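J.: pasted the sequence and its predicted model underneath.
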Amino acid sequence: MNLGLDFHDTISYAPAFFAKLIKSWPGDVYIVTGTPPSKIHELEEDLEKTGLSRSDFKDILTGYEYDKEDMSLEHFKRMAKHKLKLIQEHDIEVYYDDNPFYVSYIKDHGIVTLQPIVSEKYLQEFEKKDPFFTCNLQRMQFDYLENLDDDKMLKKKKD
């Protein structure tokens, strides 16, 4: 069974856990990233900082070329399709990604899709460092809980 993992805010969120998972996984392991091919060396350096080397996984499957300034909803929809194509081409059966766009799209295509949920502390730390930080999309997944009540949860009609 092949395993695919996103790097940014997935492996990088819990590097010790994912390094252990990657090194003990019995099938092929792929890093499936939205990072453009022109930035692969930066990604390799970041992987090494987590304690992973190229010998720990089969390959890095990259995104397409883009500029961060061009990231939009359309970018995420397009990248979800791109990642799914890579996952299918490499017979990946289990996939981890933090991004709600990718998780939501890939889960409906026969791939066991798992989403690490990052802490509020992590979100706050990184949204200050990078204006294009996208893991904050997770926050929106849970915002509705703030206003959830029994009637909404149980879909009861109000009189």
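T.: The structure has been received and is ready for your questions.
J.: any weak-confidence spans in this protein?
T.: By pLDDT under 70, the low-scoring segments of the chain are 130-136, 157-159.
J.: apart from its chain neighbours, what residue comes closest to the residue nearest to the spatial centre of the chain?
T.: Closest residue to the average C-alpha location of the chain: Asp97 at 2.4 Å, with CA atoms, centre = their mean. Leaving out its chain neighbours, the residue that sits closest to Asp97 by CB to CB, 6 or more residues apart in numbering is Asp6, at 4.1 Å. No exception for glycine: its C-beta is placed from N, CA and C like everyone else's.
J.: contacts only, for the one you found.
T.: Ile31, Val32, Thr33, Gly34, Tyr96, Asp97, Asp98, Asn99, Tyr102 (CB atoms under 8 Å, 6 or more residues apart in numbering).
J.: mind listing the helices for the protein?
T.: Assigned by DSSP state H, the helices in the chain fall at 15-24, 40-49, 73-89, 100-106, 120-129, 137-143, 150-153.
J.: of all these, which one comes closest to Leu61?
T.: helix 73-89 (4.3 Å; CB to CB).
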